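1. how would this look folded up:
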Amino acid sequence: MSKADIVKEWIFLADSDLNSAVFLKGMFPVPIEIICYHCQQCAEKYLKAFLAFNDELIIKTHDLTILNKMCNKINAGFSSIEEQCLRLTDYSTNVRYPTSLDINENDMNLAIIDATKIKIFINNLINN
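-> Model prediction:
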C-alpha cells in the first residue's frame, strides 16, 4: 500500500468516526459517551494520518497528547490544537467501561467541536 493510500485510509476512518458521532446525536436517549469516544477516535486517526503523511512511525497509543507532541516536532502549529487533544484523550477508553467519566451534553458538543477543529487543522496541512 502506498503512503498516499495509507493516509487516505486513516482519513476515511477518522471521518467515519466523526460522521458517526454527529449521526448518533439524533438518537434518544443520546449516547453521550459513545459520541465522545468517536470524537476521540477521529482525532487520534487524524493525528496518525499526519504522522503517516510525514513518514513517521505510528505508535500504538490512544493518548492524543503524545501523538500531538510527535506531530508538533514536525510542525510547531500543532500547539494550537493541544487543548483539544488534552480534552479528547480521556474519551479513548475511560468512557467505554462502567466507571465512566461524568460527562454531559455540553461535553459531548465540545468533543464534536474539538474533533472538527483537529480535522480541519490537519486537512489543511495535508492538502497544502
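
2. Just the buried positions in stretch 9-29, please.
-> Judged by neighbour count (16 or more other CB atoms under 10 Å), stretch 9-29 contains these buried residues: 10-11, 13-14, 17-18, 20-21. To be clear about C-beta, it is placed using only N, CA and C from the backbone, and glycine gets the same treatment.

3. out of those residues, which are inside helices?
-> Using DSSP state H, the members of those that fall within helices are 10-11, 13-14, 17-18, 20-21.

4. out of these, which one sits closest to Thr116?
-> Nearest to Thr116 among these is Leu18, at 6.9 Å by CB to CB.

5. For the closest residue to the closest one other than its chain neighbours, list the residues it contacts.
-> Nearest residue to Leu18 in three dimensions, chain neighbours excluded: Cys42, at 4.2 Å (CB to CB, 6 or more residues apart in numbering). By CB atoms under 8 Å, 6 or more residues apart in numbering, Cys42 lies in contact with 14-15, 17-18, 21, 115, 118-119.

6. Next: Gln40.
-> By CB under 8 Å, 6+ apart, the neighbours of Gln40 are 62, 64, 88-92, 111, 115.

7. cool, and Leu64?
-> Going by CB under 8 Å, 6+ apart, the list of residues near Leu64 reads 40, 43-44, 47, 85-86, 88-89, 92.

8. Disregarding residues adjacent in the polypeptide, which is nearest to it?
-> The nearest residue in space to Leu64 (CB to CB, 6+ apart) is Cys85, at 3.8 Å.

9. For the closest residue to Gln41 other than its chain neighbours, give its distance to Ala111.
-> Of all residues not flanking Gln41 in the chain, Asp17 sits nearest, at 4.3 Å (CB to CB, 6+ apart). Look at Asp17 and Ala111: by CB to CB, to the nearest Å, they are 11 Å apart.

10. Next, show the common contact partners of these two.
-> Common neighbours of Asp17 and Ala111 (CB under 8 Å, 6+ apart) are Cys39.

11. re earlier: ok, of the contacts of Leu64, which come out buried?
-> Among these, those classed as buried by 16+ other CB under 10 Å are 40, 43-44, 47, 85, 88-89, 92.

12. Which one of the residues you listed is nearest to Ala4?
-> Closest to Ala4, out of all of the buried ones among the contacts of Leu64 and judged by CB to CB, is Leu47, at 17.8 Å.
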